[in-house]
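> fold the following for me, if possible:
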Amino acid sequence: MTDRPEALTLESLLRSATDLLRAADVDSPRADAETLAAHVLGASRGQVAAWAVAGRRIDPVQSVDLRRLAISRSTRTPLQYLTGTTTFRTVDLAVGHGVFLPRPETELVAGAAIEAARAVARRAGGPAGRPLVVDLCTGSGAIAASVAREVPGATVHAVEADPEAAWWAAANLDPLGVALHVGDAAAALPELDGSADVVVSNPPYVPDGRIPAQAEARRDPELALYGGGADGMRVPTAVAAAAARLLRAGGTFVMEHDETQEQLVAGLLRDGAAAAGLAAGLFAGIETRTDLTGRPRYTVAVRTDGRMAR
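Numbers count the residues shown, from 1 in each chain. Purely as a prediction, here's the structure:
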């Protein structure tokens with residue numbers, strides 16, 4: 001990227017950044033360059049595009065900032081880490097190194113939890129219709145924040161074991177009145193046992209040894225990726241047991257999982273897992289749902305009135 005004075009036009013800087021990102025095999029080089037410029041200039045992408053066409057020049061400090069960010073992006077640092085924010089459904093989230101970046105498919109998982117919570121509110125009616133929702137393994141707080149924003153009056157609790165991720169979750173959830181708990185999802189919130197209307201989770205579920213294909217995904221913290229074991233089911237199993245403990249009879253459980261785990265999750269919820277204290281028959285209406293590409297991505301089930309194993 002040149003330092004010549006004429007390179008200080010926004011368009012020339014965008015072209016240079018785009019070339020750098022294209023050479024690094026970034027999927028959307030021009031869009032990313034414009035997003036980085038928008039971040040530097042405190043503007044929208046639309047404004048950046050219009051300014052570039054109009055021949056706007058930017059000052060040397062801003063040009064250096066844009067170049068620095070473009071170089072970082074060319075190393076496949078996630079765009080969201082560089083801008084410090086990402087959008088998830090109806091909320092803007094603060095994100096950065098040390099927290100898992102929420103994916104578009106998880107918006108469907110959040111949507112299923114929101115739908116279930118709204119159904120509870122409708123059945124109860126009036127001010128008393130305050131569904132109790134628990135988000136286990138909340139990460140950045142994306143799902144919990146969406147529930148709090150889209151289901152007015154809901155009481156929402158979020159649980160995260162990683163203190164670094166919990167720092168980001170606190171920044172996103174405190175303004176929305178969500179109660180954040182730092183600790184292990186398996187043992188979380190015993191005071192709420194048998195009372196939650198909805199338990200939702202996007203737990204770590206990637207099987208051990210599988211390396212994410214996308215370079216940016218490999219920047220996510222391993223604690224948020226790997227579910228434990230060759231099938232990745234250790235953490236999801238513990239989360240399912242916690243959900244069975246927390247939910248009231250008739251409550252809804254929603255859990256994201258890997259596309260290879262469809263039958264494993266359905267079997268777990270149907271047959272239980274003695275080692276995790278999860279008895280058979282605690283869930284009914286088990287339904288696997290697909291993401292926007294048609295892959296089996298999450299499962300929804302209803303808590304029965306059966307008893308937990310001891």
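> where does this structure dip in pLDDT?
The model of the chain has pLDDT under 70 over residues 1-7, 125-129, 211-220, 308-310.
> domain assignment for it?
Here the domain parsing of the chain from automatic domain parsing is 5-75, 87-303.
> out of those domains, nearest to Tyr81?
Proximity to Tyr81 (Cβ to Cβ) singles out domain 87-303 among the domains of the chain, at 5.7 Å. Every C-beta, even on glycine, is put in place using the N, C-alpha and C of the backbone.
> now do the end-to-end distance for that closest one.
32 Å (Cα to Cα, to the nearest Å).
> keeping just the C-alphas, turn the longest strand along the chain into PDB.
In the chain, assigned by DSSP state E, the strand with the most residues is strand 247-256. Taking Å, rounded to 0.1, in the frame of the first residue of the first chain, the C-alpha atoms of strand 247-256 are listed here in PDB:
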ATOM      1  CA  LEU A 247     -37.100 -26.900  33.200                       C
ATOM      2  CA  ARG A 248     -40.600 -27.200  34.500                       C
ATOM      3  CA  ALA A 249     -42.900 -29.900  33.000                       C
ATOM      4  CA  GLY A 250     -43.900 -28.500  29.600                       C
ATOM      5  CA  GLY A 251     -40.900 -26.300  29.400                       C
ATOM      6  CA  THR A 252     -38.900 -26.100  26.100                       C
ATOM      7  CA  PHE A 253     -35.300 -27.000  25.500                       C
ATOM      8  CA  VAL A 254     -33.500 -25.600  22.400                       C
ATOM      9  CA  MET A 255     -29.900 -26.700  21.700                       C
ATOM     10  CA  GLU A 256     -27.600 -26.000  18.700                       C
END
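> mind listing residues that contact the helix or strand following that strand?
Counting by DSSP states H and E, the next helix or strand C-terminal to strand 247-256 is helix 262-271. Residues from elsewhere that reach helix 262-271 (Cβ atoms under 8 Å, 6 or more residues apart in numbering): 231, 233, 236-237, 240, 253, 255, 257, 278, 280, 282-283, 286, 288, 296, 299, 301.
> sorry, back to before: what helices or strands is the longest strand of the chain leaning on?
Packed against strand 247-256, as judged by 3 or more Cβ pairs under 8 Å, 6 or more residues apart in numbering; DSSP states H and E, are the following elements: helix 104-124, strand 196-201, helix 234-246, strand 296-303.
> and it with strand 196-201, angle?
Orientation check (axes from the mean of the first three to the mean of the last three Cα atoms, to 10 degrees): strand 247-256 against strand 196-201 gives 20 degrees.
> distance from the chain centre to strand 247-256, please.
19 Å (Cα atoms, centre = their mean, to the nearest Å).
> could you list the paired strands of that strand along with their orientation?
Sheet pairing of strand 247-256 (DSSP bridges) gives strand 196-201 (parallel), strand 296-303 (antiparallel).
> let me see the ranges of the strands in this protein.
Counting by DSSP E, the chain has strands at residues 85-88, 91-94, 132-136, 155-160, 179-182, 196-201, 247-256, 283-290, 296-303.
> could the ones you listed be laid out in CSV, adding mean neighbour count?
Below are the strands of the chain laid out as CSV (neighbours: other Cβ atoms under 10 Å):
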stretch, mean neighbour count
strand 85-88, 16
strand 91-94, 18
strand 132-136, 28
strand 155-160, 26
strand 179-182, 17
strand 196-201, 29
strand 247-256, 23
strand 283-290, 16
strand 296-303, 23
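> how near is the nearest residue to Pro104 once chain neighbours are set aside to Asp59?
Distances taken as Cβ to Cβ, 6 or more residues apart in numbering put Leu292 closest to Pro104, at 7.2 Å, once the chain neighbours are dropped. The spacing between Leu292 and Asp59, counted by Cβ to Cβ, to the nearest Å, is 41 Å.
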